[in-house]
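Asker: return atomic coordinates for the entry below.
(2 chains)
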Number of protein chains: 2
Amino acid sequence: MWSWASGKGSSEVARKRSLDGGPGVAPLILDHAAHLFYSKGYEQASIRDLAESAGISPSTVYHHFENKQEIAYQVIIRFMRDFNEVTIPVMRNPEHTALSRITEAVRLHIEISDKRRPELLRLRGFRSILSEAQGQEVTSLELAYHDAMKGLIIEGCESGEFFTPNATLATMAVLDMLNGVRSWFSQDGVLSLSEVVHIYTVMVHKLLAS
Amino acid sequence: MWSWASGKGSSEVARKRSLDGGPGVAPLILDHAAHLFYSKGYEQASIRDLAESAGISPSTVYHHFENKQEIAYQVIIRFMRDFNEVTIPVMRNPEHTALSRITEAVRLHIEISDKRRPELLRLRGFRSILSEAQGQEVTSLELAYHDAMKGLIIEGCESGEFFTPNATLATMAVLDMLNGVRSWFSQDGVLSLSEVVHIYTVMVHKLLAS
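Answerer: Numbering: from 1, shown residues only, chains lettered A, B, ... in the order given. As a prediction, this is how the structure comes out:
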């Protein structure tokens, strides 16, 4: 999972813990940063706003993160790692049929994207503030997810459950459809999330039907 | 079509023409602005860069447009009006079957989005620089296109050509799929544009199949 302290010696970690009040402070900062960037905008949100929101001092924020850009990157990367950690094993599980795996993948994609919307919705805008190395890490996580979905579609074609004229483009189409949901879905809308999941499941099944 | 001079008296238009060297200067400025914003980024591109690119003086640019923000808005709105003007009559044409209309709509959507990519690719980023009134105009053009697609899907369901559990969500899914193409399609890639059009046509037909 997320490992902000990885690579640090245990004595250094112990020293930090005594300074910052426990190992949960960095994730707490990221949670508040995600909500603040979402509600106020990345450019507009200051480290001071963030500290106030999290109920800590600005110096505690700087104790954990170099600057605001680093915080934004960690918000993105933590979400993407969590997302892949949950979804990829489901898509790759050889004990289930391709149809049941894609059914579960559609549900997870839509549900996680809704539940963790503040971490995700501004991601496209955030891309421009990432360094080259950070951008490459984001791309590699996107590719890992894409490859798992493509692998699942190919397996479904091989087993006769699916048909598509092109597995790569079918992957793009499915992911674009699913990613689109968060741009318009609202808990206050006409449809519940589970209704949306059901309708998208039917559509993805039809798109891939043999 | 695009009508930057609409609402102005004919004598004023005549005066402008004598100043700016012809009625084609404003569209020319928008063409160069689209390419400049695309290659250099909106923030980085200056009116001076734009004038140089178009081979005119900065004062000629200001003669036609108030500022850079107004130019960006006109780039967006001109594209959207042209796009709707071509696609909506095709989708609403009662002389053709729903299947043949959606086939043509898929082709037009992908081809126009590729051909006029500089005007379109940064559109999402541009949204944040628009005034409220400008944003509403963009939204109304998006809605007109969405409504034409949804109307076509409903007609196809009524005629028995299509089936979908929810016409609104099917519209979102189809538009998200089609909009996604421009984010990855390259003329230098493995597939030609006509191959991509063919594969997406098959996928949209399957998604909507009765």
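
Asker: what does chain A have sitting close to chain B?
Answerer: A:124-125, A:164-166, A:169-170, A:172-173, A:175-177, A:179-181, A:184, A:191, A:196, A:198-200, A:202-203, A:206-209 (Cβ under 8 Å from any Cβ of the partner chain). Where you see a C-beta, it was placed from the backbone N, CA and C, and this is true even at glycine.

Asker: for chain A, give me the ranges with low pLDDT.
Answerer: Scanning chain A for pLDDT under 70 picks out the ranges A:1-23, A:121-125.

Asker: ok, back up a step: would you list the buried entries among the residues of chain A next to chain B?
Answerer: A:125, A:164, A:166, A:169-170, A:172-173, A:175-177, A:179-181, A:196, A:198-200, A:202-203, A:206-208 (16 or more other Cβ atoms under 10 Å in any protein chain shown).

Asker: give me the subset of these lying in helices.
Answerer: Cross-referencing these against helices under DSSP state H gives A:125, A:169-170, A:172-173, A:175-177, A:179-181, A:196, A:198-200, A:202-203, A:206-208.

Asker: have a look at chain A and report its longest helix.
Answerer: Every helix in chain A considered (DSSP H), the longest is helix A:132-158.

Asker: who are the packing partners of that one?
Answerer: Judged by 3 or more Cβ pairs under 8 Å, 6 or more residues apart in numbering or on different chains; DSSP states H and E, helix A:132-158 is in contact with helix A:68-92, helix A:98-115, helix A:167-184.

Asker: distance to residue B:139 added to those helices, as JSON lines?
Answerer: Listed next are these as JSON lines, based on distance: least, Cβ to Cβ, whole Å:
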{"stretch": "helix A:68-92", "distance to residue B:139": "28"}
{"stretch": "helix A:98-115", "distance to residue B:139": "23"}
{"stretch": "helix A:167-184", "distance to residue B:139": "12"}
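
Asker: residue A:29 - how many residues pack around it?
Answerer: 26 (other Cβ atoms under 10 Å in any protein chain shown).

Asker: oh, that last question was meant for residue A:62, not what I typed.
Answerer: 12.

Asker: what's the nearest residue to residue A:155 if we skip its chain neighbours?
Answerer: Once flanking residues are discounted, residue A:155 sits nearest to residue A:98: 5.2 Å by Cβ to Cβ, 6 or more residues apart in numbering or on different chains.

Asker: from chain B, how far out is the one you found?
Answerer: 16 Å (Cβ to the nearest Cβ, to the nearest Å).

Asker: hmm, that residue is touching residue A:160, no?
Answerer: No: using Cβ atoms under 8 Å, residue A:98 makes no contact with residue A:160, being 9.5 Å away.

Asker: pick out whichever of those two has more residues nearby.
Answerer: Using other Cβ under 10 Å as the criterion, residue A:98 and residue A:160 rank with residue A:98 on top: 21 against 9.

Asker: in contact with that one, which residues?
Answerer: Contacts for residue A:98 (Cβ atoms under 8 Å, 6 or more residues apart in numbering or on different chains) come out as A:152-153, A:155-156, A:159, A:161-162.

Asker: ok, now residue A:179?
Answerer: A:113, B:176.

Asker: what about 7 Å?
Answerer: By Cβ atoms under 7 Å, 6 or more residues apart in numbering or on different chains, the contact set of residue A:179 is empty.

Asker: that one and residue A:120: what is the separation?
Answerer: 9 Å (Cβ to Cβ, to the nearest Å).

Asker: what's the answer for residue A:130, then?
Answerer: 15 Å.

Asker: and if you look at residue A:58?
Answerer: 26 Å.

Asker: now residue A:195
Answerer: 21 Å.

Asker: and what of residue A:64?
Answerer: Distance from residue A:64 to residue A:120, by Cβ to Cβ: 22 Å.

Asker: residue A:58 and residue A:120 - which one has more neighbours?
Answerer: More crowded of residue A:58 and residue A:120, by other Cβ under 10 Å: residue A:120, with 22 against 14.

Asker: wouldn't the more buried one be in contact with residue A:112 here?
Answerer: No: the criterion here is Cβ atoms under 7 Å, and residue A:120 misses it with residue A:112 at 8.6 Å.

Asker: with adjacent residues omitted, what lies nearest to residue A:93?
Answerer: Residue A:93's closest residue in space is residue A:101 (Cβ to Cβ, 6+ apart), at 6.2 Å.

Asker: again but with residue A:99, I slipped
Answerer: residue A:161 (5.1 Å).

Asker: what of residue A:86?
Answerer: residue A:108 (6.1 Å).

Asker: show me what counts as buried in the longest helix of chain A.
Answerer: Under the neighbour-count criterion of 16+ other Cβ under 10 Å, helix A:132-158 has A:134, A:137-138, A:141, A:145, A:148-157 buried.

Asker: what do you get for stretch A:104-124?
Answerer: A:104-110, A:112-114, A:116-122.

Asker: check stretch A:56-69 too.
Answerer: Buried-residue list, stretch A:56-69, by 16+ other Cβ under 10 Å: A:56, A:60-61, A:64-65, A:68.

Asker: tell me how many other residues surround the closest residue to residue A:69 other than its chain neighbours.
Answerer: Leaving aside its chain neighbours, residue A:69 sits nearest to residue A:129 (5.7 Å; criterion: Cβ to Cβ, 6+ apart). For residue A:129, the count of nearby residues is 15 (other Cβ under 10 Å).

Asker: and if you look at residue A:127?
Answerer: Neighbour tally, residue A:127, other Cβ under 10 Å: 13.

Asker: part of a helix, is it?
Answerer: Yes: using DSSP: H, G, I helix; E, B strand; the rest coil, the assignment for residue A:127 is a helix.

Asker: ok, it to residue A:192 distance?
Answerer: For residue A:127, the distance to residue A:192 - Cβ to Cβ - is 31 Å.

Asker: which residues sit in contact with residue A:56?
Answerer: Contacts of residue A:56 by Cβ under 7 Å, 6+ apart are residue A:25.

Asker: ok, back up a step: closest to residue B:73 out of the contacts of residue A:98?
Answerer: residue A:153 (40.3 Å; Cβ to Cβ).

Asker: what is the neighbour count of the closest residue to the closest one other than its chain neighbours?
Answerer: Leaving aside its chain neighbours, residue A:153 sits nearest to residue A:167 (4.9 Å; criterion: Cβ to Cβ, 6+ apart). A count of neighbours around residue A:167, defined by other Cβ under 10 Å, yields 19.
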